[in-house]
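> what follows is a predicted protein model with its sequence.
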Amino acid sequence: MSKMLLNLACEKNNSTMIDLSCKYLGLQLRNPVIVGSSGLTSTIANLKHIEALGAGAVVLKSIFEEQIRFESDKFLQSDHPEVKSWQDAFQGIVSKTEFYFDEAYNYLTSYAQEHTLKQYLSLISLAKEELKIPIIASINCNTQYDWQYFAKRIENAGADALELNIYILPSDFDKSGIEIEKTYFDIISEVQKYITIPVSVKTGYYFSSVAQTLLKLSETGIAGLTLFNRPYNPDIDIENLKVSASNMFSSETEYSHSLRWIALLSGRLKCDIAASTGVHNYETVVKQLLAGADAVHMVSVFYKHHFDIIPGIINGVETWMKNHNFSTIADYKGLLSGTKVNNPASYERVQFLRLFSSVE
Ligand SMILES: Cc1cc2nc3c(=O)[nH]c(=O)nc-3n(C[C@H](O)[C@H](O)[C@H](O)COP(=O)(O)O)c2cc1C
């Protein structure tokens, strides 16, 4: 190509208006890069920083079922005036540790729950006052607890959407896959009865049939699925002969599980899909969008490199789009999903047959 033609091509490229905006869970996002749920999204200072650096949305740290139960137990053992007044009322009838029978127990645990919940609700309402990007609240739930009640309060506090983090490890030998999976459907249907904001579900991939279960979950009326959560994983310390915790943070090569499933499910699910786990750089953001993700959640990378890398990631996606003549996300989202590629089997292949035969 002559120098003049090359210049013209470059000019055309550079003048392409790039629009990174997208829709996710029915919300308008300025770009698909979402800071996912973690301790990093639990303070207003961090949230404002995340917004200032350009992220599309944020998922707040979850309120945990265990946290609520723990706070309730801690409260019941405390010298808080509310606890003391009930103890005084029952003094002489029962001992301090026995007095938690129905009425007192119910009152005090809901008092403690209320306290934990109020802290979370004030984070949501403050975030809504201070930020313009969508605020997605999060509940980590594995049983049918009072989630409807919590969800309603979260909606009233102003959250734009609610992510339910449901991750049940199917390790119970007495329960079938169907029994375990029923809990997911029960939680979703209970929560949805009480709120109108979009609900998404973040989950793992331990299902008897991943494709069918995720399809059925997508048919429950939820607005999105986040694939996948990265669970706490055990390890073994061979020097001290102890069970230990494996790496808390993902690595940049851990995105292939979600890439595979997003590619296979894209265009088939009845809700949006967000990629989670191992999204550490702009290249992986682009890959997940090409596979069919509507957005990506990023967490570990911000623990490793802090939020300052957000603009670089967004610029990277933009430059890649310019270089490939894509002006909107819709131009290439799902372009390499399982239903679009010539050889969808490449996403289903699990054996390295050819590779094994050629690698010495
Ligand atoms: C320190 C830490 C805390 C997390 N806390 C939450 C949480 O409160 N709620 C939640 O749904 N996920 C939580 N996650 C999971 C992340 O949101 C994310 O799904 C997972 O880390 C995989 O993404 P990544 O590879 O970008 O880290 C946490 C992850 C880390 C590393």
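Thanks, I have it.
> residues contacting the residue lying closest to V299 once chain neighbours are set aside?
Leaving out its chain neighbours, the residue that sits closest to V299 by Cβ to Cβ, 6 or more residues apart in numbering is G36, at 4.3 Å. For every residue, glycine as well, the C-beta is placed using N, CA and C. With contact set as Cβ atoms under 8 Å, 6 or more residues apart in numbering, G36 has these partners: V59, T226, S276, H297, M298, V299.
> quick check: mean pLDDT of stretch 167-182?
In this model, stretch 167-182 has a mean pLDDT of 94.
> measure it end to end?
Taking Cα to Cα, to the nearest Å, the first and last residues of stretch 167-182 lie 13 Å apart.
> what does stretch 153-173 give?
Using Cα to Cα, one end of stretch 153-173 lies 36 Å from the other.
> for the longest helix seen in the chain, name the packing helices and strands.
In the chain, ranked by residue count with DSSP state H as the criterion, the top helix is helix 102-130. Using 3 or more Cβ pairs under 8 Å, 6 or more residues apart in numbering; DSSP states H and E as the contact criterion, the elements in contact with helix 102-130 are helix 44-53, strand 63-64, helix 65-76, helix 81-90, strand 135-140, helix 147-156.
> any idea which helix or strand comes after the first one?
By that I understand helix 44-53. If you walk from helix 44-53 toward the C-terminus, the next helix or strand you reach (DSSP states H and E) is strand 57-59.
> what's the following helix or strand after the helix or strand bottoming out on mean pLDDT in the chain?
Evaluated with mean pLDDT, DSSP states H and E, the helix-and-strand set of the chain has its lowest mean pLDDT in helix 3-15, which scores a mean of 51. Scanning the chain past helix 3-15 towards its C-terminal end, the next helix or strand to appear is strand 22-24 (assignment: DSSP H and E).
> so which bits of that next one are buried?
By 16 or more other Cβ atoms under 10 Å, the buried positions in strand 22-24 come out as C22, Y24.
> give the pairing partners of the next helix or strand after that strand; include direction for each.
Stepping forward along the backbone from strand 22-24, the first helix or strand reached (DSSP H and E) is strand 27-29. Each strand that strand 27-29 pairs with, and the sense of that pairing, follows from DSSP bridges: strand 22-24 (antiparallel).
> what residue ranges in the stretch 51-200 of the chain score low on pLDDT?
Low-confidence segments of the stretch 51-200 of the chain, defined by pLDDT under 70: 66-67, 69-78, 80-109.
> quick one: name the residues of it near the ligand.
Residues of the stretch 51-200 of the chain found near the ligand, taking Cβ under 6 Å from any ligand atom as the criterion, are K61, S62, S138, N140, N165.
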